[in-house]
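Asker: pasting the sequence and the predicted coordinates here, then a few questions.
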Amino acid sequence: MSQTATAKARLPVDLTDEEIEAFGRDMDAIYYETLESRGERDRLYILRLIRTQRTLAFSGRMLMYASLFLLPAWDHALASWGAMIIVMALGVVMLGVAKILENMEIAHNVLHAQWDWMKDPDIQSNTWEWDNMSPSDRWMHSHNVVHHTWTNVVGKDLDVGYGIMRVTPMQEWHPKYLLQPVWFVLLALLFEEGVALHEQAIVDVVEGRKDRKELKPLLKRIGAKVWGQVRKDYLLWPAVGAVVAMPISLFVDFSPITIFFMIAGGNAVANIIRNLWAFMIIFCGHFPEGVYSFTEEQVDGESRGHWYIRQLLGSANIQGGPLFHVLSGNLSHQIEHHLFPDMCSNRYPEVAPRVRALAARYGLPYNTGSLWRQFGTTWRNNLRLALPGGKLPPAVATA
Amino acid sequence: MIPRDQESTRSGGGWLHWLSTLTDMMAYPLKTSHYVELVNPLWTTHKMQARVEAVWDETSHARTITLRPGANWRGHRPGQHVRIGVAVDGKHYTRTYTVSSAPERGDGCFTITVKAIDGGRLSHYLVRKLKVGDYVPVGLPQGDFYLPDASPTQPLFITAGSGITPAMSMLRSMLAQQRMANSVHIHYAPSPQETIFGQELREIDAAQKHYTLHEIHTAALAADDPARHFSLENLARLCPDWQSRDCYACGPADLLRAVEATWEEAGLAHRLHIERFRADLAEVPDDAVGGRVRFANSDLEVEADSATNLLRVAEDAGLNPPHGCRMGICHTCNTTLKSGCVRDLRTGEVLNEAGAIVQTCVCAAAGDCELDL
């Protein structure tokens, strides 16, 4: 890395090149020291988490089926809409949480190769397929390569506004951004589908830089994954419920078709729970007040030290308890995740205080706040930047 | 492994196959087996595991581990080996061990007998730390070191230390079938107490008139005693008809070299069967000045220095391997080390275990190496 350090990069910080390099070395020290200490307890963490997640997913689906035996038509003492809805809701929430855990704390991190060091053939970045409409390998490209290498570089990092929103005043205003509050809500609800279509190639075709035909293999690949997900959540699980309900419906007065739609609806709600949560956590990572974006010139020829500082300035953390951190896939430690994307996520809480103190020693900001502060300012920025203008963060970033 | 875009290859009955295809779709993108594993790890079909049923110390450094394999296991032939995976300090390792039990054993279990070698991380873990009730990944039995089924061979076993294991499996199997072949066994071990399966061998020797055991206890012999090591003279003395027998040898490399030389000299190499385990670790060259890099899938070999990353080496050689960030963060360039030695340019760490994952954009050759590109 050091041989590429030409120090052309100009970041909005009041540090000399020597100081930036020293900052990079200090950051490297934290990184390698932590990697060195990985061991059995980390392995047990991910194995237990995977077991918990799968148990939760299966139990949630079973509970949804079980709730059908509480439909008022059964005519037994416990049967009532109230009881049925409570049990169904519990099952749906369990399935939603299972999907959150799978997508965020397990798959996102496995696909970052955070667990490749264990050499466990079941938990490898190149074989893991996640419970999401986006095919793992496609997502790894758009996320690991494009987003994590070019974090917050306007024009390079597709995550800056996802091609439909203006999240920094550095993006030129266009009338289409007037609609972005609508996109904001729609993307929150359909985040999974949005992630699946989150491809530079698709943007290129929409903007006329690429021929439609070139998209075909890519769309086929995404289509196969989407079909697998739809078949599971909206066809097979509901259909099994309906098939079981068919003979029962001869004796108990309800329609198997209703059963089908109840289960399909429950699964849809579980998917939406996951979408809303993932959207909220992920948008708090790069779009709250005080997060920096960069131009391509600013990162030209950047060294390891520059890169670390860009990641620090371009990310924001969310404060919370241990359970909140796990449910957010430790993306509540977005800063640490961006500094060390392939460090196993259960270690982010312990490196966070070190990173924060290191930033303070160099007079650099460390953007952290409650979920409401971070999401509130994200939402406010979204509304403000729908209109021309907007406020950039201070020209020189200081603590 | 979670197979991607790969149809279930499960054979089996019509309706069961149909049902598992359906439940696999319901488990998508996982398989039914991933959920079955939550109930009993032995019932999985996406990988094979075995449960540790018992452990027993054969000597102060060697332990027999009784394993109950899960679904899809197939019986072994005496003398074959299996791959065993164990996680030590969180990291997964795989080693090959010979099955020491006979296939005729009726309880569905098999045993491996492991000697803790100095500095052997995995063998030490297996011998000292593995507990009853643990699960370990296992592979199917493999290897062509076994007695022919039907022909009336007269085997000569030459074994040393833990090299006894394949011979033990063969002997136990012949005993179970009540057809002990006329066999001679020369076994080297430090002392009677430090002989793996010592008592059982002596019992077989006493009970079976067709089996002759010659134990050589090296600790009791002077360092310069010629009887300590294998030689033609000792062989001719212990087994005068050795030239008319089929020899099955297993033990340390020195012993196998001497045995090989003897049989080749006598022009009898076709009657010699040797079991040796290839070292899983490549030797690290002291100077580490780069070396020849072989790209196995492209059938290409080029010279590389110790400072140029392997991604660059591959590209200069005309390949276009997958890559992304070029700075070691995105892992798009991960590839498998097939053999040899590479160095991580960031940490100086040397990777020399076959099967290790190499980030080609930040690793350089440290001696010769072969990559799965």
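Answerer: Done, it's in.
Asker: going forward, measure contacts between C-alpha atoms and count neighbours the same way
Answerer: Noted.
Asker: check contacts around the residue lying closest to residue A:70 once chain neighbours are set aside.
Answerer: Closest residue to residue A:70 apart from its sequence neighbours, by Cα to Cα, 6 or more residues apart in numbering or on different chains: residue A:79 at 4.3 Å. When contacts are counted by Cα atoms under 8 Å, 6 or more residues apart in numbering or on different chains, residue A:79 is found next to A:69, A:70, A:71, A:72, A:73.
Asker: run the last query once more with 10 Å
Answerer: Residues in contact with residue A:79 (Cα atoms under 10 Å, 6 or more residues apart in numbering or on different chains) are A:67, A:68, A:69, A:70, A:71, A:72, A:73.
Asker: doesn't it lie inside a helix?
Answerer: No: judged by DSSP: H, G, I helix; E, B strand; the rest coil, residue A:79 forms no part of a helix; its state is coil.
Asker: residue B:345 and chain A, how far apart?
Answerer: 9 Å (Cα to the nearest Cα, to the nearest Å).
Asker: for that residue, give me its contacts.
Answerer: Contacts of residue B:345 (Cα under 10 Å, 6+ apart): A:1, B:306, B:307, B:308, B:309, B:361, B:362, B:363, B:364, B:365.
Asker: buried ones among the residues you listed?
Answerer: Neighbour-count burial (16 or more other Cα atoms under 10 Å in any protein chain shown) is assigned, among the contacts of residue B:345, to B:306, B:307, B:308, B:309, B:361, B:362, B:363, B:364, B:365.
Asker: farthest pair in those residues?
Answerer: B:306 and B:361 (13.1 Å; Cα to Cα).
Asker: can you pull out the helices in the stretch 51-200 of chain A?
Answerer: Secondary structure of the stretch 51-200 of chain A (DSSP state H, counting those that start in this stretch): helices located at A:81-100, A:109-111, A:136-140, A:148-149, A:180-189, A:191-196, A:200-206.
Asker: before we move on, what about the stretch 1-150 of chain B?
Answerer: Using DSSP H, counting those that start in this stretch, helices in the stretch 1-150 of chain B cover B:14-27, B:32-39, B:121-124.
Asker: relative to helix B:32-39, how tilted is the first one?
Answerer: Here the directions of helix B:14-27 and helix B:32-39 differ by 80 degrees (axes from the mean of the first three to the mean of the last three Cα atoms, to 10 degrees).
Asker: ok, then the element right after the longest strand seen in chain B?
Answerer: Longest strand in chain B by number of residues (criterion: DSSP state E): strand B:334-344. Downstream of strand B:334-344, the first helix or strand assigned by DSSP states H and E is strand B:350-351.
Asker: find the nearest non-adjacent residue to the spatially most central residue of chain B, please.
Answerer: In chain B, the residue lying closest to the centroid (Cα atoms, centre = their mean) is residue B:96, at 1.6 Å. Counting by Cα to Cα, 6+ apart, the nearest residue to residue B:96 once its immediate chain neighbours are dropped is residue B:83, at 4.4 Å.
Asker: shouldn't that neighbour be in contact with residue B:50?
Answerer: No: applying Cα atoms under 10 Å as the test, residue B:83 and residue B:50 come out as separate, 11.4 Å apart.
Asker: hey, what's in contact with both of the two?
Answerer: Common neighbours of residue B:83 and residue B:50 are listed as B:137, B:138, B:139 (criterion: Cα under 10 Å, 6+ apart).
Asker: what about residue B:320, how many neighbours?
Answerer: 12 (other Cα atoms under 10 Å in any protein chain shown).
Asker: how close does it get to chain A?
Answerer: In terms of Cα to the nearest Cα, residue B:320 sits 16 Å off from chain A.
Asker: quick one: contacts for that residue?
Answerer: B:311, B:312, B:314, B:373.
Asker: ok, the second one touching residue B:365?
Answerer: No: distance between residue B:312 and residue B:365: 11.4 Å, which falls outside the contact criterion (Cα under 10 Å).
Asker: what touches both of those two?
Answerer: residue B:304.
Asker: in space, what's closest to residue A:191 - neighbours in sequence excluded?
Answerer: Once chain neighbours are set aside, the closest to residue A:191 by Cα to Cα, 6+ apart is residue A:275, at 5.1 Å.
Asker: quick revisit: which strands and helices sit next to the longest strand of chain B?
Answerer: Judged by 3 or more Cα pairs under 10 Å, 6 or more residues apart in numbering or on different chains; DSSP states H and E, the packing partners of strand B:334-344 are strand B:291-295, strand B:350-351, strand B:357-359, strand B:363-371.
Asker: partners of it, with directions?
Answerer: strand B:350-351 (antiparallel), strand B:357-359 (antiparallel), strand B:363-371 (antiparallel) (DSSP bridges).
Asker: got the CA positions of the last one in PDB?
Answerer: Right, strand B:363-371. Extracted C-alpha coordinates of strand B:363-371, given in PDB (Å, rounded to 0.1, in the frame of the first residue of the first chain):
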ATOM      1  CA  CYS B 363       0.000 -12.200  -1.500                       C
ATOM      2  CA  ALA B 364       3.200 -13.000  -3.300                       C
ATOM      3  CA  ALA B 365       5.100 -16.200  -4.100                       C
ATOM      4  CA  ALA B 366       7.400 -17.500  -1.300                       C
ATOM      5  CA  GLY B 367       9.000 -20.300  -3.200                       C
ATOM      6  CA  ASP B 368       7.100 -22.400  -5.700                       C
ATOM      7  CA  CYS B 369       3.400 -22.500  -5.500                       C
ATOM      8  CA  GLU B 370       0.300 -23.700  -7.300                       C
ATOM      9  CA  LEU B 371      -3.000 -21.700  -7.400                       C
END
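Asker: starting at the chain centroid, how far to that strand?
Answerer: 24 Å (Cα atoms, centre = their mean, to the nearest Å).
Asker: quick one: the strands in the stretch 201-350 of chain A?
Answerer: Using DSSP state E, counting those that start in this stretch, the strands of the stretch 201-350 of chain A run over A:317-318.
Asker: which bits of it sit near chain B?
Answerer: Selection of the stretch 201-350 of chain A residues close to chain B by Cα under 10 Å from any Cα of the partner chain yields A:224-225, A:228-229, A:231-233, A:235-237, A:240, A:304, A:338-343.
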